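Novice: What shape does this take:
(chains A and B)
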Protein chains: 2
Amino acid sequence: MPGKNIFYAQSGGVTAVINASACGVIETARAHPELGSVYAGRNGIIGALREELIDTSLETDESIAALRHTPAGAFGSCRYKLKSLDENRAEYERLIEVFKAHNIGYFFYNGGGDSQDTAHKVSQLSQEINYPITCIGIPKTVDNDLPITDNCPGFGSVAKYVAVSIREAGLDVASMCESSTKVFVMEVMGRHAGWIAGAAGLAAEQEGDPPHIIVFPEIAFDTNAFLAKVKSSVEQHGYCAIVVSEGAHYEDGTFLADQGTRDAFGHAQLGGVAPMLANMIKDGLGYKYHWAVSDYLQRAARHISSGTDVEQAYAMGKAAVEMALAGKNAMMPTVVRESSYPYKWHIGEANLADIANVEKKMPRDFITEDGFGITEAAREYFAPLILGEDYPPYKNGLPDFARLKKSLVDKKLSAWSE
Amino acid sequence: MPGKNIFYAQSGGVTAVINASACGVIETARAHPELGSVYAGRNGIIGALREELIDTSLETDESIAALRHTPAGAFGSCRYKLKSLDENRAEYERLIEVFKAHNIGYFFYNGGGDSQDTAHKVSQLSQEINYPITCIGIPKTVDNDLPITDNCPGFGSVAKYVAVSIREAGLDVASMCESSTKVFVMEVMGRHAGWIAGAAGLAAEQEGDPPHIIVFPEIAFDTNAFLAKVKSSVEQHGYCAIVVSEGAHYEDGTFLADQGTRDAFGHAQLGGVAPMLANMIKDGLGYKYHWAVSDYLQRAARHISSGTDVEQAYAMGKAAVEMALAGKNAMMPTVVRESSYPYKWHIGEANLADIANVEKKMPRDFITEDGFGITEAAREYFAPLILGEDYPPYKNGLPDFARLKKSLVDKKLSAWSE
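Specialist: Numbers count the residues shown, from 1 in each chain, chains lettered A, B, ... in the order given. Sure thing, here's the model as predicted:
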């Protein structure tokens, strides 16, 4: 008799390497005949509630291997946070009902803090009602905000993308600054923490290299100090390359991007912080500018993923299966750093109870005193995470990503009323 | 006695591969002892006027070889159009004075239509005043708008960048669309022509693949038709990935990006067309959206350059030197396509008189009848141009680009009053 089946789900904003974790889960499970099939939630945990389970055993080994180099969530993800057990016990009970119906004994939840919290709650309920489900969290977030683990899979690839991009665009501005564009502003993700913005600082290896200014959400924005820094950069280097975190805000907490901008009809306009800063510079200093907002491009950019990140994402998926097989429960594998130069790390583990709903902040000593750059401590932390290139295969000049069948398992229960 | 020296200048907006052309010029010149040194204009043609000539003979072979994989303009470029001979003969005379003073007999101008026009005028004047200067244009423009040549170096790499990016970001949106973002808008360059936007269409290989909509500057924007197409894409595929050219405009010629937007103080705001379309969709259809503006990132993205493009950029630089040695003058090497599948091409040549100030438009039959997609004819044209990957070397996880000495030749003339 085959063992219990596995339910795997992707959660929250996707990354360039979350499918590498899926690949690690599925390939490792396939190597263990004592495990049943891996069912993936169609569109994440919603797939479990709706009993929409993708049977990954119907995918070829080649398709599963291709997940390692395919960005975004191959099975679909969702922004859907289960409420607390008290508030909506029915949802948790439905999950367990679906798990029971499909002989699922393992729940692997690939996501950020909220997801680890959900996995933890499912684990608690399963003990309470005496239906054993092994719950293992798999870390994922471009925001790098999970505690205990040294870093989160997904972050290293965004870090590499933003550092490469500002190095390249910086060279462009340097070429043009004598007679044209003098300021370039690149907006990056990070509403609450400056991990991504900070990583862009790796591009600057020598005095004068771009980026010249980083605007962090950790530091209250000071217009005068900012404009003075832009001016001195242009005077010193001929140009100024700026990286700004989407979460940049004033002392009173107002986001820079929230400028009360109105269109011709008086409607509020949602704009990026990059164009807002660019206009501020134009108004205050008169410099010609360009700006970019990479948005999803940065977190989907599998073509320039960090080799370290891909390796760790896969390793987290693999470790999740191995931990489950070793009888561990309500835990998450972590990255434990042994040394930065040279980079050495191993896999550790944490209790979901200690991960759930704890947000890791970037240390203040990662930011220079003037608030516009990164320190050596930050550099040491970030540098190993972007090491290595892991290019996807190309066909017709384009990355050849996985195309899955995504066949659903036959339903056994009545429909779920949402 | 060494031969005449070469003056090489980069002009206009830079590209991911313009330095590959510089590399082709310098390496080829070095292989010909009958040629003198290659002097590069510091910040383009401005460097000639100011007598700021970078002596490339002081750069190592390794540094010159590294230009092949270094984006942007390594010697500096400029947006500086010489006026007509009648309007400002003094500028042309100054150029020739500098050329004389430094024993320069060859002028290689690496740029778009304006630059080819300037090279042509310098050639005419040199004949008129009987100081022989061999003038050869080297094509460069991400806009792909030079006539006669099948395509322009610089374009293929932007084409690859936008196609790769929308494929990756499209997968991201597909992952999220069930419970979150349903529409993604990516803005690309192209104020007058939709070459770049069109190339993004290569990402869609199967029915339903992103991008689902391309907004071209060739087609007057029709709000109702656009919103209907977005709606049907979301209903059919669950999401809609859109590529929009910065030059998208209404029937009356007004750019979509020019929305009369005002900030809280009533100042006009310059915004991108991507956020404008995103807001239009939110208002009209209520879908959650994300948007990106890649701006300089797209044209500087040497990390994902097209192998075809790099090869052709280098070949154009090499051909320029060979044409000059063969006694040709007032000409530009071109790319001549022999076949698309398989891709075959060779180097041709064109007279600068036929290139100068002629803008190549994208054929209407490259755009589908509904105005929102590309045809098979377009696909056949674009497909070969993104073939091949040509990755730069990496160090510490980042592309290891050329760092030149850029030593200036001693001045011999009095200062140029600008």
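Novice: quick one, helices of the stretch 301-418 of chain A?
Specialist: Remark: helices assigned in the stretch 301-418 of chain A by DSSP state H, counting those that start in this stretch are A:307-325, A:352-355, A:376-382.
Novice: Compare these and give me the one nearest chain B.
Specialist: Smallest distance to chain B across the helices of the stretch 301-418 of chain A (CB to the nearest CB): 8.0 Å, for helix A:307-325. To be clear about C-beta, it is placed using only N, CA and C from the backbone, and glycine gets the same treatment.
Novice: Next, count neighbours for the nearest residue to residue A:407 once chain neighbours are set aside.
Specialist: The shortest distance from residue A:407 to any non-neighbouring residue, by CB to CB, 6 or more residues apart in numbering or on different chains, is to residue A:58 (4.9 Å). The tally of other residues near residue A:58 (other CB atoms under 10 Å in any protein chain shown) stands at 14.
Novice: my guess is residue A:58 contacts residue A:408, does it?
Specialist: No. If you go by CB atoms under 8 Å, residue A:58 and residue A:408 don't touch, sitting 9.9 Å apart.
Novice: quick one: stretch A:20-37 near chain B?
Specialist: No. Stretch A:20-37 is not in contact with chain B by CB under 8 Å from any CB of the partner chain; minimum separation 11.6 Å.
Novice: Send over that stretch as CSV, restricted to the C-alpha atoms.
Specialist: Extracted C-alpha coordinates of stretch A:20-37, given in CSV (Å, rounded to 0.1, in the frame of the first residue of the first chain):
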residue,chain,number,x,y,z
ALA,A,20,12.7,25.4,-7.7
SER,A,21,11.3,24.6,-4.2
ALA,A,22,8.4,22.7,-5.8
CYS,A,23,10.9,20.8,-7.9
GLY,A,24,12.8,19.9,-4.7
VAL,A,25,9.6,18.7,-3.0
ILE,A,26,8.4,16.6,-6.0
GLU,A,27,11.7,15.1,-7.0
THR,A,28,12.5,14.1,-3.5
ALA,A,29,9.1,12.7,-2.9
ARG,A,30,9.4,10.7,-6.1
ALA,A,31,12.6,9.2,-4.8
HIS,A,32,10.8,7.8,-1.8
PRO,A,33,8.4,5.0,-2.6
GLU,A,34,7.0,5.1,0.9
LEU,A,35,5.4,8.4,0.0
GLY,A,36,2.2,8.7,-2.1
SER,A,37,1.6,11.3,-4.7
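Novice: if I look at the residue nearest the centre of chain A, how far off is residue A:294?
Specialist: Nearest residue to the geometric centre of chain A (CA atoms, centre = their mean): residue A:142, 2.0 Å. According to CB to CB, to the nearest Å, residue A:142 and residue A:294 sit 12 Å apart.
Novice: For residue A:187, give me its contacts.
Specialist: A:244-246, A:272-274, A:291-294 (CB atoms under 8 Å, 6 or more residues apart in numbering or on different chains).
Novice: Any idea how many residues pack against residue A:138?
Specialist: Residue A:138 has 30 neighbouring residues, counting by other CB under 10 Å.
Novice: List the contacts of it.
Specialist: The neighbourhood of residue A:138, defined by CB under 8 Å, 6+ apart, consists of A:21, A:25, A:108-111, A:316-317, A:320, A:332-333.
Novice: how far does stretch A:42-56 stretch from start to finish?
Specialist: Using CA to CA, to the nearest Å, one end of stretch A:42-56 lies 11 Å from the other.
Novice: Domains in chain A, by residue range?
Specialist: Domains of chain A are assigned by automatic domain parsing as A:5-140+A:302-358+A:390-399, A:155-300.
Novice: want to throw the ones you listed into JSON lines with mean pLDDT?
Specialist: JSON lines is the format used below for the domains of chain A (pLDDT from 0 to 100):
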{"stretch": "domain A:5-140+A:302-358+A:390-399", "mean pLDDT": "96"}
{"stretch": "domain A:155-300", "mean pLDDT": "92"}
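Novice: Pipe these into JSON lines and attach distance to residue B:34 per row.
Specialist: Compiled in JSON lines, the domains of chain A are given as follows (distance: least, CB to CB, whole Å):
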{"stretch": "domain A:5-140+A:302-358+A:390-399", "distance to residue B:34": "39"}
{"stretch": "domain A:155-300", "distance to residue B:34": "31"}
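Novice: These: which one's closest to residue B:220?
Specialist: domain A:155-300 (19.5 Å; CB to CB).
Novice: From residue A:373, how far out is residue A:362?
Specialist: As judged by CB to CB, residue A:362 and residue A:373 stand 13 Å apart.
Novice: out of the two, which sits in the busier spot?
Specialist: When residue A:362 and residue A:373 are compared for neighbours, residue A:362 comes out ahead with 23 against 19, by other CB under 10 Å.
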